[in-house]
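Colleague: predicted model and sequence below, questions to follow.
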Amino acid sequence: MTAAALRIIKLIAGTILLIVGIAGAVLPVLPGWPFLLIALPLLSSASPRVRRTLRVLKGRYPSIFRVYDFAGRESRRIIGRIGRVYSRRSRAAQNCRKRS
């Protein structure tokens, strides 16, 4: 997949999640903040304008972005753990195939 296609996918997914997050802020049934926490990193990785806006907002409202930073660290930790477990399992499967 090319970088341009990946960027377009990130923009579309981030925009959809942003719309759902804003709807969740208005609707009492749907929590909006989890969608916003997922949408912002997606959009910031695909758009320099969103990245600049987040930097400005982080300077103005640092306490709000502590939650954002925490969510980013935790998601990277969880994804890393999943990757390590998957790589261990795939190595074990390869070793079993070699023995057979």
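Modeller: Thanks, I have the structure now.
Colleague: so how far is stretch 22-33 off the chain centroid?
Modeller: 19 Å (Cα atoms, centre = their mean, to the nearest Å).
Colleague: what about that stretch, start to end distance?
Modeller: The separation between the terminal residues of stretch 22-33, taken as Cα to Cα, to the nearest Å, is 8 Å.
Colleague: so which bits of it are buried?
Modeller: In terms of neighbour count (16 or more other Cβ atoms under 10 Å), stretch 22-33 has its buried residues at 24, 32. Every residue, glycine included, has its C-beta placed from N, CA and C.
Colleague: pLDDT averaged over it - what is it?
Modeller: Averaged across stretch 22-33, pLDDT comes to 86.
Colleague: show residues contacting that stretch.
Modeller: Residues from elsewhere that reach stretch 22-33 (Cβ atoms under 8 Å, 6 or more residues apart in numbering): 20, 21, 35, 36.
Colleague: in contact with the first one: list those residues for me.
Modeller: With contact set as Cβ under 8 Å, 6+ apart, residue 20 has these partners: 30, 32, 35.
Colleague: would you list the phi and psi of the closest residue in space to residue 47 that isn't next to it in sequence?
Modeller: Distances taken as Cβ to Cβ, 6 or more residues apart in numbering put residue 11 closest to residue 47, at 6.6 Å, once the chain neighbours are dropped. Torsion angles at residue 11 (phi, psi; degrees, to the nearest 10) stand at phi -60, psi -40.
Colleague: what is the burial count for residue 11?
Modeller: Applying other Cβ atoms under 10 Å, we find 16 residues neighbouring residue 11.
Colleague: which residues of this structure score low on pLDDT?
Modeller: 1, 72, 75-76, 79-80, 82-83, 85-100 (pLDDT under 70).
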